[in-house]
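> Take this sequence and fold it.
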Amino acid sequence: MSDKVPEKLFEEFPPVPTEAWLAEIQKDLKGADFDKKLVWKSPERIRVKPFYRREDVSALRPLWASLPGEEPFSRGGERGRLGWSIRQDVCAQDPAEANRQAKDALMRGAEAVAFVTQPVSGGCAGVYLQTPSDLAAAMEGIDPTAAPVDWEAGSLSDRVAAWFASEVERLGYDPAAVRGAVGYDPIADLALGTRAFKGSDDFRQDLRSHLAVLSRLPRVKALEVHSGLILESGGTTVQELAFALAAGAEYLAAVEDPAQAASAIRVEAAIGPNFFFEVAKLRALRVLWDRMTAAFGVPEAARRATLHARTCLWNKTIFDPYVNLLRATTETLAAAIGGADSISVTPFDMPYESPSDFAQRLARNTQILAREEARFGKVQDPAGGSYYVEWLTEQLARQAWRLFQEIEAEGGCIKALEAGTIQRRVAEARAEKEEQVAQRRIVLVGTNNYPNLKETMLEQVAKPEPKPASLCPVPEAPTFEPLRPYRAAEPFEEVRLGVERAVREGAKRPVIYLLTIGNLAMRKARANFVLNLLGCAGFQIVEGPGASDVESGLAEALAAGADAVVLCSSDEEYATFGPQLAEAVSKASPRPMLVLAGYPQDLVETLRQAGFDEFVHVRANALDTLRRFQRRLCPTATTERG
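This next block holds a predicted model:
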């Protein structure tokens, strides 16, 4: 069949110029500003348009016109490679239990396993590996020549690498056939404050010694760049890419043979909720890695980045935890479309306990379904040719390279960490995200909006036993503020868990009564808004049936045991109903907290003087509002988890 496209097929469909599309859009906007309505700005300050066309990528032809396996590798590192490796991460504390879980995973669809030995989140303390026999117990019966075995051991990775190499030798496996990885990443450990930097000479010596230990296992990745810690600490996509390059450059500069080191490095990226940005991030990372390693004289065959993608913890929640399944699914698809070589999915219950067998099964099957049933494993680079994705790939790559050069100008990644410039950039991005979460511009379903009012999670939140000091090395004298991974939901969870804890200890669960009156549409809309806001604190929400007057409405509220009464009506009617309700409430004993749903600017001061304590509205900081309500209605609530 000829590759030439028959032009006559398109004779009836003449090309439509961009100006015509814009004119049609402007007509639908009915005079509204195009940029304000349809163009949004990402945390990376990238202006994203509602549609893209060929002219947007015409200048990027070398990037999007290449084939998979061809430089600059945006479309994939290896031509013809379909799908990805399904990895199951195991973090059970007992090595024997971790071994059981790993073997079960390999029997049920996983193609690789990783033993995570450092604390991750919630109740996940990590596998206890205190001696070589613990490592032997963890991998007992698992053939590393049949399935890759990874070790995510943080600052203990050099020790674990030596144990792993010795165990492979003891068991008699062919060293050339053993597959896996050891997550040795002293720069990440330095950034997290779990390893001290003792000077460039010691850094180079330790790195070369580690590579020598694993040199007899050529198919085991000896180094890992954990760029995902930037995302988990609140950073942007561009910052994550730049950190990956800067850390990788430090490692290549510290060894005698950069080509050998480049072949030994794997990059682990965390996949967040911004779907298309995450797809483009992995594509951009391959392009950037190729360019960075080329600067060290690495031959093309060793410049193909090996990428492991892990669905992030940043947006996972304790409350309504099954929503985590949906979050992880979209992140898995982003990683798959972006061309990850291997993927691990965070179990939905990891924020609050060591993952159960059920949660691990769902995490594993998320990948299996995507690859086999949805057939994402049957096509290479499905996003290739998308004008938006190709344009976004170039935008991320350009900005990340510029930031990488700024880090290099400071003397490299380690110098920038010691000076605190990387942490300051991440902190700025984190503060912006925290503000967006607090104001619910970033929605965490079930946590800062749309709560399950009947849900309680306090008894589900596990508190892992303290790990032995030998497994928690802390530098003697940290010289800078480390990066601090966190979950965006934590501040809201602390409020709700605090209320649950107070109730468990004998306090009354605060009752919020929604006194609805007047205009039907407005009172229902505002009652729904208040329910979805104050319900996030774990308060009991009672919605009134619709009062005919404020006196009868208040009587129903007091009969329901209301600790706070929220007036829900229209702005126009608040001028009448507000003062009436305030006067009636002033006579009640005990007096409930008086709240208005909305913020009628012309009436706020009058209603405040009349006796209203709070105004809840869409422009308010939701987290601050919940904290004020908690202090007023549930003063015995504490924020200590567990």
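
> partners of the spatially closest residue to Ala161 that is not a sequence neighbour in the sheet?
Leaving out its chain neighbours, the residue that sits closest to Ala161 by C-beta to C-beta, 6 or more residues apart in numbering is Val182, at 4.5 Å. For glycine as for every other residue, the C-beta is placed from the backbone atoms N, C-alpha and C. Beta-bridge partners recorded for Val182 (DSSP bridges): Trp151.

> Could you report the pLDDT at Val182?
Here the pLDDT value assigned to Val182 is 97.

> okay but it is in contact with Val149, surely?
No: counting by C-beta atoms under 8 Å, Val149 is not a contact partner of Val182; they are 9.6 Å apart.

> and for these two, which residues touch both?
Phe164 (C-beta atoms under 8 Å, 6 or more residues apart in numbering).

> Which one of the two is surrounded by more residues?
Val182 (29 against 26; other C-beta atoms under 10 Å).

> residues touching the more buried one, list them.
Applying C-beta under 8 Å, 6+ apart, the residues near Val182 are 150-151, 153, 157, 160-161, 164, 214, 220-222, 224.

> One more: Ala547?
Per C-beta under 8 Å, 6+ apart, neighbours of Ala547: 515-517, 553, 556.

> cutoff 6 Å now
By C-beta atoms under 6 Å, 6 or more residues apart in numbering, the contact set of Ala547 is 517, 553.

> quick check, nearest of the contacts of Val182 to Gly80?
Lys221 (21.8 Å; C-beta to C-beta).

> where's the closest one relative to Leu567, distance?
62 Å (C-beta to C-beta, to the nearest Å).

> Neighbour count: the two, which is higher?
Higher neighbour count among Lys221 and Leu567: Leu567, with 31 against 22, using other C-beta under 10 Å.

> Pretty sure the more buried one sits against Leu596.
Yes: using C-beta atoms under 6 Å, Leu567 makes contact with Leu596 at a distance of 5.3 Å.

> number of nearby residues for the closest residue to Lys221 other than its chain neighbours?
Nearest non-adjacent residue to Lys221, counting by C-beta to C-beta, 6+ apart: Ala181, 3.8 Å away. Residues lying near Ala181 (other C-beta under 10 Å) number 28.

> Pull the contacting residues for Ala181.
Ala181 neighbours (C-beta under 6 Å, 6+ apart): 150, 221, 266.

> hmm, try it at 10 Å
When contacts are counted by C-beta atoms under 10 Å, 6 or more residues apart in numbering, Ala181 touches 87, 112, 114, 148-152, 157, 214, 219-224, 264-266, 268, 306, 308, 342.

> out of the residues you listed, which are buried?
87, 112, 114, 148-152, 157, 214, 220-224, 264-266, 268, 306, 308, 342 (16 or more other C-beta atoms under 10 Å).

> can you list the domain ranges for the protein.
Domain assignment for the chain, taken from automatic domain parsing, gives 62-414, 492-633.

> Give me whichever of the ones you listed is most buried.
Ranked by mean neighbour count under mean count of other C-beta atoms under 10 Å, the domains of the chain are led by domain 62-414, which reaches a mean of 21.

> on that earlier part again, which ones among the buried ones among the contacts of Ala181 map onto strands?
Judged by DSSP state E, those include 87, 112, 114, 149-152, 220-221, 223-224, 265-266, 268, 308, 342 as members of strands.

> Could you let me know which of those ends up closest to Val503?
Glu152 (37.8 Å).

> if I look at the closest one, how far off is Gln436?
Glu152 is 30 Å from Gln436, where distance means C-beta to C-beta.

> Let me see the ranges of the helices in the stretch 351-500 of the chain.
Assigned by DSSP state H, counting those that start in this stretch, the stretch 351-500 of the chain shows helices spanning 357-368, 387-409, 413-419, 421-438, 490-504.

> Same check on the stretch 501-642 of the chain?
Using DSSP H, counting those that start in this stretch, helices in the stretch 501-642 of the chain cover 520-534, 550-559, 571-586, 604-610, 622-633.

> Same list, those, but as a markdown table with distance to Ala177 and mean pLDDT please.
Output for the helices of the stretch 501-642 of the chain, formatted as a markdown table (distance: least, C-beta to C-beta, whole Å; pLDDT from 0 to 100):
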| stretch | distance to Ala177 | mean pLDDT |
| --- | --- | --- |
| helix 520-534 | 56 | 98 |
| helix 550-559 | 73 | 97 |
| helix 571-586 | 73 | 97 |
| helix 604-610 | 73 | 97 |
| helix 622-633 | 53 | 97 |
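
> ok so, going back, any figure for the gap between the residue nearest to Ala161 and Ile265?
12 Å.

> likewise Gly578?
Plainly put, Gly578 is 65 Å away from Ile265 if you go by C-beta to C-beta.

> next one: Arg523
60 Å.

> that older thread, now do the shared contacts for Val182 and Ile265.
221-224.

> Taking those residues together, which two end up most distant?
Most distant of the shared contacts of Val182 and Ile265, by C-beta to C-beta, are Ala222 and Glu224, 8.5 Å apart.

> so what sits against both of the two?
157, 181-184, 264-266.

> from these, which is closest to Arg608?
The closest of those, once distances to Arg608 are taken by C-beta to C-beta, is Gly183, at 56.0 Å.

> Name all residues that make contact with that closest one.
With C-beta under 10 Å, 6+ apart, Gly183 has these contacts: 114, 116-118, 150-154, 156-157, 160-161, 189, 221-226, 266, 268, 308.

> how about a cut-off of 6 Å?
Residues near Gly183 by C-beta under 6 Å, 6+ apart: 152, 157, 224.

> And for Phe275?
So, once contact is read as C-beta under 6 Å, 6+ apart, Phe275 ends up touching 330, 334.

> quick one, phi psi at it?
phi -50, psi -60 (degrees, to the nearest 10).

> got it, and the one 3 residues further on?
Geometry field for Glu278 lists phi and psi as phi -70, psi -40, criterion degrees, to the nearest 10.

> ok, Ser342 touching Gln88?
No: Ser342 is beyond contact range of Gln88, at 10.8 Å (criterion: C-beta under 6 Å).

> In this structure, which residue sits furthest out from the middle?
Largest separation from the mean C-alpha position in the chain: Lys587, at 49.7 Å (C-alpha atoms, centre = their mean).

> how close does that residue get to Arg75?
Lys587 is 73 Å from Arg75, by C-beta to C-beta.

> and what of Arg327?
For Arg327, the distance to Arg75 - C-beta to C-beta - is 27 Å.

> Of the shared contacts of Val182 and Ile265, just say which sits nearest to Arg291.
Nearest to Arg291, judged by C-beta to C-beta, of those is Leu223 at 19.0 Å.

> excluding its backbone neighbours, what's nearest Gly76?
Pro68 (3.5 Å).
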